[in-house]
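Chemist: predicted model, plus sequence, below.
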Amino acid sequence: MSGIEGQIISFVKLILISMVPYVLAGQGTMLSGRTGIFNVAQEGVMLVGASVGFMVAYLASGNLFLGILVAAVLGGVFGLALAYFTTTLKMDQFVIGLALFFIGVGLSTLLPKLAFGITLVPPLIPTLKNIPIPWLSQIPVLGEIFFNQNILVYFSMLVSVFLYFFLYKTRLGLELRSVGENPMAADSLGVNVVVMRYITAILGGVMIGIAGVYLPMVYTGTFTADMVRGRGWISIALTFFGGWSPHMIFFGSLFFAGVEVLASRAQVSGVGIPYQFLQMLPFITTILVMMVSFKRARVPAFLGLNYDREKRTQI
C-alpha cells in the first residue's frame, strides 16, 4: 500500500467515524419530525447523554455497553418529555425544545461535578474498539474502510437503511408519514396520531442520546463540557439539507463529517490558516447549505404544529 493510498484510506475511514453523531442525531430529528414534532433540543440531549453515559461507563469499570444503554434511555426520557408537553399538553414545540436544551446543558455540567468533584486528572474510560467483519474486512481498500469499524458506525449505517425501507416500503411507515403531513386525514383513517407522535419522539431521543455518548467513547475517553461543539444544531440543518429523508440525511452526514475531518486535518498540518477559522468552517458550511437547501427542502406539512383531535385542527 502506497503512502498516498494509505492517507486516502485513513481520511475516508475518519469520515465514517465522524459521521456517526450526525447520522444518529439527524435521523432522530427526522423521525420525530415525520409525525410533526420538531425537536430543537439536540445539543442539550447529546451533552447530557455524553455526560451520563460516560459517568455510568466509568463507575461500571469501563462497561461501555451499559453507558450506551443509559444514554439511550436518558435520550428517550427527553423525547418522552417533549411528546408529553407538546402532544398531551399542547404547548409550543419550540419553547419546550429550548427548555429541554437548557436542562440538558445544565445537567451535563452539574452531574459530573457531583460524581467526580474537581480533579486534576480527568477520569478516563476505554474507547470503542474496531470490530472487523470476517472475510469482508479482508477486501482490499474497501474492507479496511467499511468493515473494520466500531459497532456504532455499523449501527448508524443499519439504522439509516432500516429507516429508509420502513418509511417508504411499509404500510406502517406510510401511516407514520401521513401523521406529519395531514394528521386530520390520518386520524379519520384510524391512525393513532398521539401514539405515533409519542413513539417517534421517544425513539428520536434515543438516537440523539446515543449520538452524544458516542463522542467520549470514541474521541477522547473522557467527558468535557464543550465536546458536542454544535453538532446538535448542525443536525437540524442536516435534516433540511437531506429533505427529511433517511438516505439523504445519511449522505449529508458524510458531507458534514468530511468538512469536519478536513478542518481537523488542516489544523494539524499547519497550513497557515488561523485555527479559529478552521473551527468555524463546519458552521460556515452549515449556513451556506441552509441558504441553498432551506427553500427547496420538502418538510412535513404539519412540522412544528400540535394536533387537537377535538378541534381537528392545528394549534
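Modeler: All right, it came through fine. Residues are numbered from 1 along each chain as shown.
Chemist: quick one: contacts of stretch 64-74?
Modeler: If you take CB atoms under 8 Å, 6 or more residues apart in numbering as the criterion, stretch 64-74 is touched by 45, 48-50, 52-58, 60, 125-126, 128, 152, 206, 209-210, 212-213, 217. Where you see a C-beta, it was placed from the backbone N, CA and C, and this is true even at glycine.
Chemist: am I right that Gly62 is in a helix?
Modeler: No - counting by DSSP: H, G, I helix; E, B strand; the rest coil, Gly62 falls outside a helix, being coil.
Chemist: neighbours of it, just the number please.
Modeler: 13 (other CB atoms under 10 Å).
Chemist: relative to Val289, how far out is it?
Modeler: Separation of Gly62 from Val289 (CB to CB, to the nearest Å) stands at 38 Å.
Chemist: quick one, phi psi at Leu189?
Modeler: phi -90, psi 10 (degrees, to the nearest 10).
Chemist: residue boundaries of the helices in the stretch 51-200 of the chain?
Modeler: 64-83, 93-116, 142-146, 151-169, 171-181, 183-188, 193-215 (DSSP state H, counting those that start in this stretch).
Chemist: now for the last one, which elements pack on it?
Modeler: Here helix 193-215 is seen to pack against helix 3-33, helix 42-59, helix 64-83, helix 151-169, helix 171-181, helix 183-188, helix 231-241 when contacts are counted using 3 or more CB pairs under 8 Å, 6 or more residues apart in numbering; DSSP states H and E.
Chemist: in that helix, what's buried?
Modeler: 193-194, 196-215 (16 or more other CB atoms under 10 Å).
Chemist: and that helix, how far out from the chain middle?
Modeler: Taking the mean of its C-alpha atoms, helix 193-215 sits 9 Å from the chain's own mean (CA atoms, centre = their mean, to the nearest Å).
Chemist: average pLDDT for it?
Modeler: Regarding helix 193-215, the rounded mean pLDDT is 98.
Chemist: just the CA trace of it, in CSV.
Modeler: C-alpha atoms of helix 193-215 as CSV (Å, rounded to 0.1, in the frame of the first residue of the first chain):
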residue,chain,number,x,y,z
VAL,A,193,-51.8,10.2,15.9
VAL,A,194,-50.9,10.6,19.6
VAL,A,195,-49.3,7.1,19.8
MET,A,196,-47.3,7.8,16.6
ARG,A,197,-46.0,11.1,18.0
TYR,A,198,-45.0,9.6,21.3
ILE,A,199,-43.2,6.6,19.7
THR,A,200,-41.2,8.7,17.2
ALA,A,201,-40.3,11.4,19.8
ILE,A,202,-39.0,8.7,22.2
LEU,A,203,-37.1,6.8,19.5
GLY,A,204,-35.7,10.0,18.1
GLY,A,205,-34.5,10.9,21.6
VAL,A,206,-32.9,7.5,22.0
MET,A,207,-30.8,8.0,18.8
ILE,A,208,-29.8,11.5,19.8
GLY,A,209,-28.7,10.3,23.2
ILE,A,210,-26.5,7.6,21.6
ALA,A,211,-25.1,10.3,19.3
GLY,A,212,-24.0,12.2,22.4
VAL,A,213,-22.4,9.3,24.2
TYR,A,214,-20.5,8.3,21.1
LEU,A,215,-18.2,11.3,21.5
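Chemist: quick check: angle from that helix to helix 171-181?
Modeler: 100 degrees (axes from the mean of the first three to the mean of the last three CA atoms, to 10 degrees).
Chemist: what do you get for the second one?
Modeler: Between the axis of helix 93-116 and that of helix 171-181 there is an angle of 110 degrees, by the same axes, to 10 degrees.
Chemist: ok, and what's touching helix 93-116?
Modeler: 37-48, 50-52, 54-55, 59, 78, 81-82, 85-86, 123, 223, 225, 304-306.
Chemist: can I have the buried ones of the residues you listed as a ChimeraX selection?
Modeler: In ChimeraX syntax, the buried subset of the contacts of helix 93-116 is picked out as below (16+ other CB under 10 Å):
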select :37,38,39,40,41,42,43,44,45,46,47,48,50,51,52,54,55,78,81,82,85,86,123,223,304,305,306
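Chemist: one step back: most tightly surrounded among the helices and strands packed on helix 193-215?
Modeler: Greatest average neighbour count among the helices and strands packed on helix 193-215 goes to helix 42-59 (a mean of 28), per mean count of other CB atoms under 10 Å.
Chemist: avg pLDDT for it?
Modeler: Helix 42-59 comes out at a mean pLDDT of 97.
Chemist: any stretches of this structure with poor pLDDT?
Modeler: 1-2, 270-272, 275, 311-315 (pLDDT under 70).
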